[in-house]
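Enquirer: Here you go, sequence then predicted model.
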Amino acid sequence: MKFFTGLFNPNWWPVMKADTTAPSYWLNWRFLLCAIWILAAMLFSALLIWKYEGNKTKRANGTQQEAKGCSYKRESWQSCSKSIHPVWLLVYRIVAFGALLALLLADVISHSLGIFFFYTQWTFTLVTIYFGLASSISVHGCLRYCRKTDSERDNCVSTDVERGSYIAPAVGDNSDKPGTITSLNNYDGPNCKIASVWGYALQIIFQMCAGAVALTDSVFWLIIYPFLTAKDYKLGFLVVSVHTVNAVFLLGDTILNSMQFPFFRIAYFVLWTCTFVVVQWIIHAFVSMRWPYPFLDLSSPYAPIWYLAVGLLHLPCFGIFTLVFKIKRCCLSRSTSQ
């Protein structure tokens, strides 16, 4: 018990008044209502995943069509347009991974492992994992891309030489180069392969991070910092960084990558938050300690309203990145049509 209570010493929390280990703290209408919110959200999320996630679905006539959650291998490493070489996305992801990992390690060294008591650090760690996994997949994809390009070039040259009609490409001819402005989101060709387990994991984590980052940063800057912090509380470099840098890097990756963004995957984001809440309930049921965020305190008569409000906040937070994705697709379609 001393381990949990001594892990951290935040200076912006209000004084805790209730004993979270007392049976009366949990056996009341407030907790019952909050538990109903959480259980309903988890069940609905599981239903969405079961219905839409997967490769293909069958039509009534027996034929197959792509499901909304169908993903392809090259989505994980190709950029959104042929005018952007995939290696630039790779470099961006490596830089983001290095910066996020450095900030995470600095935060752990400065504030101990107690930072993982907070949803912010859960999300920051998940974003770091995403960029680490994305970097690995991009390395593998770029190597395949280079080998395929070299192979196609060699085959083209050898075929033209055999026919005696080989003509060196003109300096201004770039129709076959990656610089051609063409969207890479056309996956109707026969060579488009369904994504592997790691490819699906990357896209799921990506959409979880998108919603969670928007939630953590918006709650901190719009609720916690202006209303729940002490008047003499001063923002440090690490506090500002973990509530801004993750969003900046993820937004850049959203603009550059060619991954899809089906709205039903908000279910994974909801499950991520619900898991955090349930873990907090379990910890506080055995250890009397302050909550990581005041609005999680079940002793308040407004607790069900707070829980419901934060739950509904998931929709606009996830919708922000959905809007960014739609704007990107619109810009790509316009550039392709010109």
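Expert: Looks like it came in fine. Residues are numbered from 1 along each chain as shown.

Enquirer: Any idea how many residues pack against Tyr233?
Expert: By other C-beta atoms under 10 Å, the residues close to Tyr233 number 13. C-beta coordinates here come from the backbone N, C-alpha and C atoms, glycine included.

Enquirer: can you check Gln260 too?
Expert: By other C-beta under 10 Å, 19 other residues sit near Gln260.

Enquirer: So it sits against Cys80, correct?
Expert: No. Look at Gln260 against Cys80 with C-beta atoms under 8 Å: they stay out of range, at 11.1 Å.

Enquirer: residues of the strand or helix carrying Phe31 that come out buried?
Expert: Using DSSP states H and E, Phe31 sits within helix 29-52. For helix 29-52, the neighbour count (16 or more other C-beta atoms under 10 Å) marks Arg30, Phe31, Cys34, Ala35, Trp37, Ile38, Ala41, Met42, Ser45, Leu48, Ile49, Tyr52 as buried.

Enquirer: I'd like the C-alpha coordinates of it written as PDB, please.
Expert: Output of helix 29-52 as PDB, limited to C-alpha atoms (Å, rounded to 0.1, in the frame of the first residue of the first chain):
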ATOM      1  CA  TRP A  29     -26.300   4.500  -6.600                       C
ATOM      2  CA  ARG A  30     -23.500   6.700  -7.800                       C
ATOM      3  CA  PHE A  31     -21.100   3.800  -8.500                       C
ATOM      4  CA  LEU A  32     -24.000   1.700  -9.800                       C
ATOM      5  CA  LEU A  33     -24.900   4.300 -12.400                       C
ATOM      6  CA  CYS A  34     -21.200   4.800 -13.400                       C
ATOM      7  CA  ALA A  35     -20.700   1.100 -13.700                       C
ATOM      8  CA  ILE A  36     -23.700   0.900 -16.000                       C
ATOM      9  CA  TRP A  37     -22.200   3.600 -18.200                       C
ATOM     10  CA  ILE A  38     -18.900   1.700 -18.400                       C
ATOM     11  CA  LEU A  39     -20.500  -1.700 -19.000                       C
ATOM     12  CA  ALA A  40     -22.800  -0.400 -21.700                       C
ATOM     13  CA  ALA A  41     -19.900   1.400 -23.500                       C
ATOM     14  CA  MET A  42     -17.800  -1.800 -23.400                       C
ATOM     15  CA  LEU A  43     -20.600  -4.000 -24.700                       C
ATOM     16  CA  PHE A  44     -21.500  -1.600 -27.500                       C
ATOM     17  CA  SER A  45     -17.800  -1.300 -28.500                       C
ATOM     18  CA  ALA A  46     -17.400  -5.100 -28.600                       C
ATOM     19  CA  LEU A  47     -20.500  -5.300 -30.800                       C
ATOM     20  CA  LEU A  48     -19.100  -2.800 -33.300                       C
ATOM     21  CA  ILE A  49     -15.800  -4.700 -33.500                       C
ATOM     22  CA  TRP A  50     -17.600  -8.000 -34.000                       C
ATOM     23  CA  LYS A  51     -19.800  -6.600 -36.700                       C
ATOM     24  CA  TYR A  52     -17.300  -4.500 -38.800                       C
END
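
Enquirer: Cool, thanks, talk later.
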